[in-house]
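>>> sequence and predicted structure, then a few things I'm wondering about:
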Amino acid sequence: MLSNRSTDDLRALDAAHHLHPFTDHGALAPAERRIITRADGVWLWDSEGNRMLDGMAGLWCVQVGHGRQEIVEAVRAQMSELAYYNTFFKTSHEPVIELSRLLAELTPPQFEMFFFGSSGSDANDTILRMVRTYWDIMGRPDKKTVISRRNAYHGSTVAGASLGGMAAMHAQSGLPIPGIVHIAQPYWFGEGRHMAPDEFGIAAARDLERAIDAVGEDKVAAFIAEPIQGAGGVVIPPDSYWPEIRRILAERDILFVSDEVICGFGRTGQWFGCETYATQPDFMALAKGLTSGYLPAGAVAVSRRVAAAFHDSGAGEFFHGYTYSGHPASSAAAIANLRIIRDEKLVERVREDIGPYLRERWLALADHVLVGEARMTGLIGALELVPDNADLSRRFAPVGQVGTLARDFSFRNGLVMRAVRDSLIIAPPLVLSHAEADELVALARRTLDDTWAALKRDGRVR
Ligand code: PXG
């Protein structure tokens, strides 16, 4: 602790001086602010002594769980040796060299080169600039348009929010920037229930084909997508979707960017989401699970084909980089974190053990009257809340209130879930034990019961 200020003092100071991300500041009362004080494993504690199960792994990032002293020690040792130096001007250092080597070992075979930053947002900014520069180098300067999907999340910087497909973000500050086109998302429960899931998956994928033809293949630089849309509400595509996208990409001369900021580092039961869906990206955006959030870091994995173009003697300088590209302490945190994931076989654990274990129990929540659909892949899942699961044609209106109500009950019950519209999301640390998974599901069920009781009291459900 930095001081012995009371919780009320901390809340008042927070309200007076701290602008929170993605927050309606006028509506956030000081008393609502929860001061988190410590964390261990999958557990968080607040300043009032409440213990909560961290069902969101921080913000989809703490793969190895909280409080791992190996990472703390690696960072401490690195900071006392070399806390900071840059990687411009022909300099390098061992942490970034070892991290690059390790990523080459862990990523799919087409990736041997990595560019570093501090976040997923700046990784996607880097990718947008590299994609366009790649086609310039190839003598195809007209290929500049990037195709993305509605309701995608690719970050909050100008390029990240433009690539993303969040209408509410675009409505603020004049986004997207030119040269970005958004197509359908494969969100069957939300948008596709007039069709069978696989039929809808094919139709959503063919929107890519339509967009490439509408823009003109000679003007399209790339398609960017999350394997599973995370912030958009854990949109797990129908089984038919990625095979059809693969077919289209194989026929077209455009680059493919897999945004692995949430799906990377074991979340889906493979090291990367593109392996779960057998796609062959030219770029991957990496962040979050790269360091499990212990320090900020992001990276861009660049395929051999693209890296070769940038290595071409005629390519010239790529005018791009960040002060903290390959930060030594962040690199040390990433190395220690990745060794834990690799050596403790956490990816295999998600695929073969805790993933199937939690999924079975999570899907069983669909028997609750409030749950229209329960879905999960690896350790990422959602519950779609509806007024009556016997009549899926009805949703709550206005959208979002019931999700937030349920989210608040969940916190009070000691489980952190995230609300997206009227769905509840989980993406717990990959070290979740069976007993903790049981507890998570029990707390989620209590949350559904509490939400149902409150809605009934207000006459909002039958
Ligand atoms: N791509 C994806 C797929 C993401 O999920 C980013 C890029 C941007 O990463 P940075 O490190 O710049 O935040 C993300 C981030 C939420 C939430 O509430 C999700 C993210 C970030 C903050 C909040 O679901 N995802």
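Done, it's in.
>>> wait, what's in contact with the residue of the chain found nearest the ligand?
Taking C-beta to the nearest ligand atom as the measure, the chain has Gly120 as its residue closest to the ligand, at 2.3 Å. From N, CA and C alone the C-beta is placed, and that goes for glycine too. Counting by C-beta atoms under 8 Å, 6 or more residues apart in numbering, Gly120 makes contact with 154-155, 160, 259, 261, 285-288, 298.
>>> near the ligand, which residues of the stretch 351-462 of the chain?
Neighbours of the ligand within the stretch 351-462 of the chain, by C-beta under 6 Å from any ligand atom: Arg418.
>>> now do the phi/psi pair for Val235.
phi -90, psi 100 (degrees, to the nearest 10).
>>> quick revisit: near the ligand, which of the contacts of Gly120 show up?
154-155, 160, 259, 261, 285, 287.
>>> buried among those residues? Need that as a selection in PyMOL.
Buried residues among the ones next to the ligand among the contacts of Gly120 (16 or more other C-beta atoms under 10 Å), as a PyMOL selection:
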select buried, resi 154+155+160+259+261+285+287
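>>> distance check, the residue lying closest to Ala205 once chain neighbours are set aside against Ile202.
Among residues not flanking Ala205 along the chain, Glu244 sits closest, at 3.6 Å (C-beta to C-beta, 6 or more residues apart in numbering). Applying C-beta to C-beta, to the nearest Å, the value for Glu244 to Ile202 is 5 Å.
>>> helices of the stretch 201-350 of the chain, start to end?
Here the stretch 201-350 of the chain has its helices, by DSSP state H, counting those that start in this stretch, at 241-251, 273-276, 304-311, 328-343, 346-352.
>>> quick one: contacts for the residue nearest to Ala205?
Glu244 makes contacts with 201-202, 205-206, as judged by C-beta under 8 Å, 6+ apart.
>>> need those in JSON lines (columns: distance to the ligand and neighbour count).
Listed next are those as JSON lines, based on distance: C-beta to the nearest ligand atom, whole Å; neighbours: other C-beta atoms under 10 Å:
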{"residue": "Gly201", "distance to the ligand": "20", "neighbour count": "23"}
{"residue": "Ile202", "distance to the ligand": "24", "neighbour count": "19"}
{"residue": "Ala205", "distance to the ligand": "19", "neighbour count": "24"}
{"residue": "Arg206", "distance to the ligand": "23", "neighbour count": "16"}
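>>> what's the most distant pair in those residues?
By the measure C-beta to C-beta, Gly201 and Arg206 form the most distant pair in these, at 9.8 Å.
>>> ok, the residue nearest to Ala205 to Phe283 distance?
For Glu244 relative to Phe283 (C-beta to C-beta), the value is 21 Å.
>>> with Leu363 instead?
In terms of C-beta to C-beta, Leu363 sits 33 Å off from Phe283.
>>> settle it for me: which of these two has more neighbours?
Comparing Leu363 with Phe283 by other C-beta atoms under 10 Å, the one with more neighbours is Phe283, at 28 against 16.
>>> quick one: that one and Met130 touch, right?
Yes - in terms of C-beta atoms under 8 Å, Phe283 counts as a neighbour of Met130; the distance is 7.1 Å.
>>> shared neighbours of those two, anything?
Residues touching both Phe283 and Met130 (C-beta under 8 Å, 6+ apart): 300, 302, 306.
>>> who's the first one bridged to?
On the basis of DSSP bridges, Val300 takes part in beta bridges with Phe115, Ala285.
>>> could you check how many residues crowd around it?
24.
>>> for it, give its distance to Pro356.
Noted for Val300: a distance of 32 Å to Pro356, by C-beta to C-beta.
>>> what of the last one?
From Val306 over to Pro356 the distance is 36 Å, taken as C-beta to C-beta.
>>> and the two? which has more neighbours close in?
Comparing Val306 with Pro356 by other C-beta under 10 Å, the one with more neighbours is Val306, at 24 against 14.
>>> my guess is that one contacts Val300. True?
No - the criterion here is C-beta under 8 Å, and Val306 misses it with Val300 at 9.9 Å.
>>> overlap of the contact sets of these two?
Between them, Val306 and Val300 share the contacting residues 130, 283, judged by C-beta under 8 Å, 6+ apart.
>>> can you pull the phi/psi pair for Val386?
In terms of degrees, to the nearest 10, the main-chain angles of Val386 are phi -140, psi 160.
>>> and the closest residue in space to it that isn't next to it in sequence, how many neighbours?
In space, and not counting its chain neighbours, Val386 is closest to Gly372: 3.6 Å by C-beta to C-beta, 6+ apart. Neighbourhood size, Gly372 [other C-beta under 10 Å]: 23.
>>> mind telling me what element Gly372 is part of?
Counting by DSSP states H and E, the element that carries Gly372 is strand 371-377.
>>> what distance separates that strand from the centre of its chain?
In this view, strand 371-377 has its centroid 18 Å away from the chain centroid, taken as C-alpha atoms, centre = their mean, to the nearest Å.
>>> give me the sheet partners of that strand and which way each runs.
Strand 371-377 sits in its sheet next to strand 380-385 (antiparallel), going by DSSP bridges.
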